[in-house]
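In: Show me the folded form of this:
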Amino acid sequence: MVVTLSSGPARDTPPPHSLALPVELRVAALRVAELKLSGVDTPLRDLRAALHLGADDGAAHRVDAASGSWDRLQFSGRASVATSGDLGVSARVDLRQAADAGADWNASVTLDGPLAAP
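Out: Modelled structure (predicted):
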């Protein structure tokens, strides 16, 4: 899969008022072998996740058990966003460099807060 990124936003866009969908979609196992991004030399590889759009009776969208790699960096995590109100976001990503890469390290990033905040 190849994704082309724009060089910047076309215009200032306010956050949406709702992310609600008229359907519920549950994907138990999603896999993308390779994702190439324009302007990025190294592709993302072996992306995996579980996806639930319209979870909790339509109140949230969730990505669970997400994982993949970028060069020697491996990542895993989960994220959710509320479909109404302040569109609350909760996400965690754990990063680690592959042990065979010479330097063993790891880091965690957590994000919690409203998407619709100024």
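
In: Contact partners for the residue nearest the centre of the chain?
Out: The C-alpha lying nearest the average C-alpha coordinate of the chain belongs to residue 79 (Cα atoms, centre = their mean; 6.5 Å). With contact set as Cβ atoms under 8 Å, 6 or more residues apart in numbering, residue 79 has these partners: 62-63, 66, 89-92, 111. Where you see a C-beta, it was placed from the backbone N, CA and C, and this is true even at glycine.

In: Secondary structure for these - can I get that in a markdown table?
Out: As requested, these are exported to a markdown table (DSSP: H, G, I helix; E, B strand; the rest coil):
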| residue | secondary structure |
| --- | --- |
| 62 | strand |
| 63 | strand |
| 66 | strand |
| 89 | strand |
| 90 | strand |
| 91 | strand |
| 92 | strand |
| 111 | strand |
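
In: Out of these, which end up buried?
Out: Buried members of the contacts of residue 79, scored by 16 or more other Cβ atoms under 10 Å, are 62-63, 66, 89, 91.

In: circling back to that earlier point, go through the contacts of residue 79 and say which is closest to residue 34.
Out: Within these, proximity to residue 34 (Cβ to Cβ) peaks at residue 66, which comes in at 16.0 Å.

In: Apart from its neighbours in sequence, what residue is nearest that closest one?
Out: Counting by Cβ to Cβ, 6 or more residues apart in numbering, residue 66 lies nearest to residue 49, which is 4.0 Å off, once chain neighbours are set aside.

In: Hmm, the one you found is touching residue 62, no?
Out: No. Counting by Cβ atoms under 8 Å, residue 49 does not reach residue 62; the two are 9.7 Å apart.

In: wait, doesn't residue 63 sit right on residue 50?
Out: Yes. With contact defined as Cβ under 8 Å, residue 63 reaches residue 50; the gap is 7.2 Å.

In: which other helices and strands contact the longest strand along the chain?
Out: The longest strand of the chain (DSSP state E) is strand 25-37. Counting contacts by 3 or more Cβ pairs under 8 Å, 6 or more residues apart in numbering; DSSP states H and E, strand 25-37 packs against strand 2-3, strand 44-54.
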